[in-house]
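Novice: Provided below for reference: sequence and predicted model.
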Amino acid sequence: MTNQDRRVNLVSLAARPAACGARQKTTPTQTDFYVQDEVLAQLREDVMERRVERGVRWLEENRTMLRRINPEHRNTAPLLGCICQWVSVSDPAVEAARALLTSVPRPARGQLSFDGYMHVRLAEGILNLVDGNAETAAAHFDFIISVEGEPLNQELPALAHFWRAQAECKRGNWDSALAHASRAREITLAIGYPNSAAMMQALEGSLHMHKGRLSRAVELLREADGVLQQTDDFMWLGNIQSAYGNVALEEGRYEMAVEHFRKAVGYYRACNPRHTNLPESLANLAHSQRLIAVGITRSIDTHAERRRRSAVCDSAGPSHPGTRQDVEQLRGEALSNLTDAIEVCGFLADSRDLALARIELGFLLVDCGHFDRAALAANEAFELSCKIEDHGAMARARLLQSRIESAQYEEGIGDLPARHAQRAHDFAKDALTYAMQTEDRRLLASAYLCQGLIFCNDFFNNAESAGECCRQAGQFLSPGNRNQLWDEHQTLAKRLARSGSIDSRLREWSQGLVGGKTFQQMTEEFAELVIPSVWEREERNISRVVAKLSISPKKVRRILSRAGLKAVSD
């Protein structure tokens with residue numbers, strides 16, 4: 001044991017007169033125990049150096065003594081601020097922080113030092129965030145940030161910016177969250193704490209991922225990972241792996257996503273078997289496994305169709321990368337992971353993650369053809385999402401409901417196919433409305449594609465509206481990433497090509513029916529019609545398209561990218 005460890009494990013709560021000089025009250029709840037200066041200093045160092053196990057161990061060893069602490073002592077409020085930094089990794093930290101905060105009544109807070117009062121406000125914000133009150137939490141963090149230029153321990157504004165970023169994440173405000181995370185890292189590096197700065201950089205990386213800046217995200221995450229590997233901060237190591245997994249999903253690398261999400265799950269379980277981040281990673285792991293199964297199923301069906309057309313005998317061997325047994329195994333693993341996620345959500349009483357797990361379960365059930373069970377999962381997810389007013393989860397639940405109705409329409413299930421088609425449309429419309437209240441690019445693309453595919457079905461047969469959805473979705477797709485959304489975009493584009501929408505649109509324009517569009521908008525739409533066709537005829541060679549149409553390569557690439565045709569050879 002080092003000398004530092006000995007100092008932390010010495011008597012850290014002393015029976016001395018209160019150092020603030022206030023006359024002691026004689027109420028039964030008042031005590032004379034307080035945290036010594038050197039112990040408080042060590043606990044603050046543990047927070048900033050991300051020595052998680054030691055910080056949490058001290059808390060667990062002193063839980064009984066903390067119940068008898070003197071709330072008026074000058075070290076009590078800073079101690080409260082320290083303890084709150086562990087709420088994401090320790091259930092006892094949440095309990096201890098609540099008890100300490102309650103022991104410092106509001107009338108007494110006016111007697112606290114400037115730093116002490118800021119620690120109390122920081123604790124209030126963090127506990128509000130734990131309770132799901134992101135807006136109330138943000139007000140506390142903003143108060144601390146507003147006095148950033150005053151004589152103040154710089155750990156406080158750094159932590160306030162960091163937690164403010166997490167509050168913005170809860171609300172889906174990625175730009176604002178990124179600004180706060182960046183400022184938190186800047187302050188933390190300036191005061192000499194690279195480990196905490198790496199934690200904040202990991203958050204930045206995750207936010208760049210949400211914004212679609214994948215290269216920058218990976219760069220930040222890799223640097224942060226290298227620093228945090230020297231710590232026992234398993235939660236943030238898990239967060240980094242989870243972000244890597246989301247990048248892999250964006251790029252369509254589903255096997256790689258499975259590996260990263262499995263590592264994330266391992267880190268979270270090492271931190272806490274029922275960690276709050278565990279359900280989301282389990283659901284993302286199941287999502288990745290389901291997408292691999294979908295890809296294998298599509299490949300098997302395509303191969304079977306080719307064999308039927310060419311009358312190739314079985315001895316030719318399969319050209320697809322998997323079998324039906326592989327599909328069943330992946331679906332079974334996905335179901336197991338979702339079951340675990342739902343169980344942990346029940347323990348944590350986490351409505352948002354429970355809703356997301358139910359939604360993923362619903363999509364898995366649709367893949368298996370269990371529409372009634374999928375509908376139950378979707379309805380429950382939507383109700384949970386409405387209770388917490390989470391627009392992202394509400395949109396996803398509606399997308400699932402639309403998918404269920406579309407599948408039943410396409411398979412001719414029931415006596416009222418028109419009812420399924422109309423309900424699919426209505427759910428998709430709702431999903432887009434909710435998605436537009438978020439900054440989630442993938443969700444917006446999914447909503448537009450869902451609506452576009454419905455407009456293409458035999459019931460609606462509305463090629464113009466479908467084409468508009470296809471164009472809108474293309475704006476939210478990352479160029480060059482052949483993922484699930486790219487596949488859906490390609491499917492929609494092919495259906496539009498078969499529908500004759502081009503001819504109808506040109507005919508309307510020739511009759512002066514411009515639909516309120518400007519000439520510039522019509523020119524852009526015409527380019528989107530012509531360039532992909534010329535590109536196909538010119539053997540997918542951009543240079544030849546440029547020469548043939550006397551147009552800039554930049555515009556050709558932009559139009560092809562928007563059409564989901566970025567994978568080209570020059």
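Specialist: That came in fine, so what should we check first?

Novice: make it CA atoms for all contacts and neighbour counts henceforth
Specialist: Noted.

Novice: contacting residues for N239?
Specialist: By Cα atoms under 8 Å, 6 or more residues apart in numbering, N239 lies in contact with 202, 264.

Novice: show me the contacts for T276.
Specialist: 88, 348.

Novice: phi and psi next, for the spatially most central residue of the chain.
Specialist: Residue closest to the mean C-alpha point of the chain, counted by Cα atoms, centre = their mean, is H210 at 7.1 Å. Phi and psi for H210, reported as degrees, to the nearest 10, are phi -60, psi -30.

Novice: kindly report the same for N481.
Specialist: Dihedral angles (degrees, to the nearest 10) for N481: phi -100, psi 110.

Novice: swap in V35?
Specialist: phi -90, psi 130.

Novice: quick one: it and R74 touch, right?
Specialist: No - between V35 and R74 there is no contact under Cα atoms under 8 Å: 9.1 Å.

Novice: tell me where the model's unsure across the stretch 1-150 of the chain.
Specialist: Along the stretch 1-150 of the chain, segments meeting pLDDT under 70 span 1-32.

Novice: and S90, how far from F347?
Specialist: According to Cα to Cα, to the nearest Å, S90 and F347 sit 15 Å apart.

Novice: who's more crowded, the two?
Specialist: Per other Cα atoms under 10 Å, whichever of S90 and F347 has more neighbours is S90, with 21 against 10.

Novice: which strand or helix spans the nearest residue to that one once chain neighbours are set aside?
Specialist: The shortest distance from S90 to any non-neighbouring residue, by Cα to Cα, 6 or more residues apart in numbering, is to V56 (7.0 Å). According to DSSP states H and E, V56 maps onto helix 52-61.

Novice: packing partners for the helix or strand just after that helix?
Specialist: For helix 52-61, the following helix or strand on the C-terminal side (DSSP H and E) is helix 63-66. In this structure, helix 63-66 makes packing contacts with helix 91-103, judged by 3 or more Cα pairs under 8 Å, 6 or more residues apart in numbering; DSSP states H and E.

Novice: so for the helix it packs on, what gets flagged as buried?
Specialist: 92-94, 96-98, 100-101, 103 (16 or more other Cα atoms under 10 Å).

Novice: need the max-distance pair from these.
Specialist: Spanning the widest gap among the buried residues of helix 91-103 are P92 and S103, at 16.5 Å by Cα to Cα.

Novice: mind checking the pLDDT average for the longest helix along the chain?
Specialist: Using DSSP state H to assign secondary structure, the helix with the most residues in the chain is helix 278-310. The average pLDDT within helix 278-310 is 90.

Novice: helices and strands around it, which ones?
Specialist: Right, helix 278-310 is packed against helix 254-271, helix 324-348, helix 351-367 by 3+ Cα pairs under 8 Å, 6+ apart.

Novice: re the thing from before, tell me which residues touch the residue nearest to the centre of the chain, please.
Specialist: Residues in contact with H210 (Cα under 8 Å, 6+ apart) are 174, 440-441.

Novice: T438 versus that one, what's the distance?
Specialist: Taking Cα to Cα, one finds H210 at 12 Å from T438.

Novice: what of V227?
Specialist: 32 Å.

Novice: and for W535?
Specialist: With Cα to Cα as the criterion, W535 and T438 are 35 Å apart.

Novice: that'll do, ta.
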